[in-house]
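K.L.:
next input, structure requested:
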Amino acid sequence: MKTILLSLALSLIYLSNYAKEVVTIQPNSTFVLDAEKVTTNRIQIRNMSTLPFDVSVRSTISKEWIKGFGMAPKGKATISIDFGQELTLINKTSEAIEVTLHFINAKTPRAEQTNQQPKITFTLHNSTGQSIPLIIPNVMNPNLSPYSNSGVSLAVGQKIYCKTNGKRQLILVVDDTIRQGEKIDVAQLIEAL
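P.N.:
Residues are numbered from 1 along each chain as shown. Below is the predicted model:
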C-alpha cells in the first residue's frame, strides 16, 4: 500500500491555521497523521464517500496498534490521539475516498496527558445485525457496524455509553476486572440494562 505522509512544515503551518481539512485517500492507500504535527488531540473524522475505510491509532515508533474501528459510508466519529501516536486511515477499496478531518480544541493540555492512568486494551464486539452507536467521552464516538469489532485502549474509570431510543445510557465503566485483549459483547451489555 502506498502511504501518504503530511510533511511537518505543511502540517504546522496549515493545520494550526485551520480547524478543518479535506483529505482524499487514493485507492489501496493509507493516510497517516502524526499527533505531534497537530495542535489538538481530538479529531472528528467524517466519511464523505459511500465506501467504508479503516481507522486506527498506532504507536509512531513501534507501529503497534492501539485502537481502531471501521468507518461506515457517510459515517462520522471522534477519536483522540496522544503524543507518540499516529492516526491512520486505510482505504482498501478500488476508488478514492474523501474524508473531512475537523480538529477539535482539546480540553486537556498536552502536558497533562503524559500523566494519564494505565490503559486496558480490549475489543468491543457487536454480535447483532444492527449498528450500535457508542459514546466514549473524550476518546471517540464509534458506530459499531453489524457483526464487527472495535479495538479500544481505555483508562480505568472511562465510561462507555450507548444511544438507544434517542437516550444515552451507561453500559460499561472500565475497571481492572477487564483483562488485556478481552472481547466484550456490547449487545449483551445493552440487553442487561
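K.L.:
residue 93 reaches residue 53, doesn't it?
P.N.:
Yes: because the distance of 7.4 Å satisfies CB atoms under 8 Å, residue 93 is recorded as touching residue 53. No exception for glycine: its C-beta is placed from N, CA and C like everyone else's.
K.L.:
so what's the gap between stretch 169-180 and the chain middle?
P.N.:
Its chain's average C-alpha position is 18 Å from that of stretch 169-180, according to CA atoms, centre = their mean, to the nearest Å.
K.L.:
start to end distance for that stretch?
P.N.:
Separation of the first and last residues of stretch 169-180 by CA to CA, to the nearest Å is 25 Å.
K.L.:
can you pull up the bridge partners for the spatially most central residue of the chain?
P.N.:
Centroid-nearest residue in the chain: residue 79, 3.9 Å away (criterion: CA atoms, centre = their mean). As for beta bridges, residue 79 partners with residue 43 under DSSP bridges.
K.L.:
same question for residue 30.
P.N.:
residue 3, residue 90.
K.L.:
next, find the distance separating it from residue 175.
P.N.:
Residue 30 sits 35 Å away from residue 175, taking CB to CB, to the nearest Å as the criterion.
K.L.:
okay, those two: which has more neighbours?
P.N.:
residue 30 (19 against 10; other CB atoms under 10 Å).
K.L.:
do a quick rundown of the helices in this structure.
P.N.:
Under the criterion DSSP state H, the chain carries helices at the ranges 8-17, 110-113, 186-191.
K.L.:
picking that back up, neighbour-wise, which of residue 93 and residue 53 wins?
P.N.:
Taking other CB under 10 Å, residue 93 and residue 53 do not tie; residue 53 has more neighbours (22 against 15).
K.L.:
got a list of what the more buried one touches?
P.N.:
Applying CB atoms under 8 Å, 6 or more residues apart in numbering to residue 53 gives the contacts 25, 47, 70-71, 89-93, 97, 99.
K.L.:
recalculate using a threshold of 7 Å.
P.N.:
25, 47, 71, 89-91, 97 (CB atoms under 7 Å, 6 or more residues apart in numbering).
K.L.:
stretch 76-93: end-to-end distance?
P.N.:
Stretch 76-93 end-to-end distance (CA to CA) = 18 Å.
K.L.:
cool, stretch 36-43 as well?
P.N.:
End-to-end span of stretch 36-43 (CA to CA): 13 Å.
K.L.:
can you give me the buried ones in that stretch?
P.N.:
36-38, 40-43 (16 or more other CB atoms under 10 Å).
K.L.:
then stretch 82-91?
P.N.:
Of all the residues in stretch 82-91, those buried under the rule 16+ other CB under 10 Å are 84-91.
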